[in-house]
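**Student:** Structure of the sequence below:
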Amino acid sequence: MGLWLGLILGGLLLAAFVVAVVWTSRMRTLSGRVGSFECGSRMNKDLPAGWKAGIGQYGAERLYWWRSWSLALRPSQCWSRTALVIVSREPMDEPGRVLVTCQAGDESFELTMSREAYAGLTSWIEAAPAAVGRVI
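**Tutor:** Residues are numbered from 1 along each chain as shown. Next up, the predicted model:
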């Protein structure tokens with residue numbers, strides 16, 4: 001009985017170690033990418049506890065967002081650059097952080113980020129290339 005218990009506990013410890021290594025590697029990879037920044041997300045403004053910590057990254061055509069506490073290889077959320085509109089920005093109680101209300105099509109959501117990341121977000125949105133075929 002003692003041998004089986006030791007093997008089970010050893011297997012559980014090994015599994016926990018592997019998950020910790022994979023999670024750490026994932027977070028280092030995501031945060032080390034060009035255009036990545038710490039960013040909290042809340043999809044439903046009516047839920048005060050709906051905030052999720054994550055990492056945002058500017059892509060060529062999309063803003064990607066990965067949850068921090070996940071092992072997923074794909075982003076949890078993805079918003080098109082051309083559809084993304086900043087509705088409002090408010091300073092938060094935490095110094096240097098802002099609350100940004102955004103809309104992408106019919107979807108409304110909130111993001112929290114540093115002021116520097118907000119400046120990068122607005123620059124990224126404004127620097128989008130003009131759509132081909134649009135007549136002004």
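
**Student:** The host helix or strand of Val85 pairs with which strands, parallel or anti?
**Tutor:** Assigned by DSSP states H and E, Val85 belongs to strand 84-91. Strand pairing for strand 84-91, using DSSP bridges, gives strand 97-104 (antiparallel).

**Student:** what comes up buried for the partner strand?
**Tutor:** For strand 97-104, the neighbour count (16 or more other C-beta atoms under 10 Å) marks Arg97, Val98, Leu99, Val100, Thr101, Cys102, Ala104 as buried. Where you see a C-beta, it was placed from the backbone N, CA and C, and this is true even at glycine.

**Student:** Show the average pLDDT along that strand.
**Tutor:** For strand 97-104, mean pLDDT is 95.

**Student:** next one: stretch 129-136
**Tutor:** The average of the pLDDT scores along stretch 129-136 is 60.

**Student:** before we move on, what about stretch 62-81?
**Tutor:** 90.

**Student:** Stretch 14-27 too?
**Tutor:** 80.

**Student:** Name the residues that touch it?
**Tutor:** Ile55, Ser68, Leu71, Leu73 (C-beta atoms under 8 Å, 6 or more residues apart in numbering).

**Student:** taking those residues one by one, which sit in helices?
**Tutor:** Nothing among the contacts of stretch 14-27 maps onto helices, per DSSP state H.

**Student:** By neighbour count, which of those residues wins?
**Tutor:** Scoring the contacts of stretch 14-27 on neighbours with other C-beta atoms under 10 Å, the highest-scoring entry is Ile55 at 20 neighbours.

**Student:** Check whether the nearest residue to that one once chain neighbours are set aside sits in a helix, strand or coil.
**Tutor:** Once flanking residues are discounted, Ile55 sits nearest to Leu30: 4.7 Å by C-beta to C-beta, 6 or more residues apart in numbering. At Leu30 the chain is in helix, as set by DSSP: H, G, I helix; E, B strand; the rest coil.

**Student:** just the strands in the protein please.
**Tutor:** Counting by DSSP state E, the chain has strands at residues 36-38, 40-42, 54-58, 62-67, 77-80, 84-91, 97-104, 107-114.

**Student:** residue contacts, Leu111?
**Tutor:** Cys39, Gly40, Ser41, Arg42, Gly56, Leu99, Val100, Cys102 are the contacts of Leu111 under C-beta under 8 Å, 6+ apart.

**Student:** All set now, cheers.
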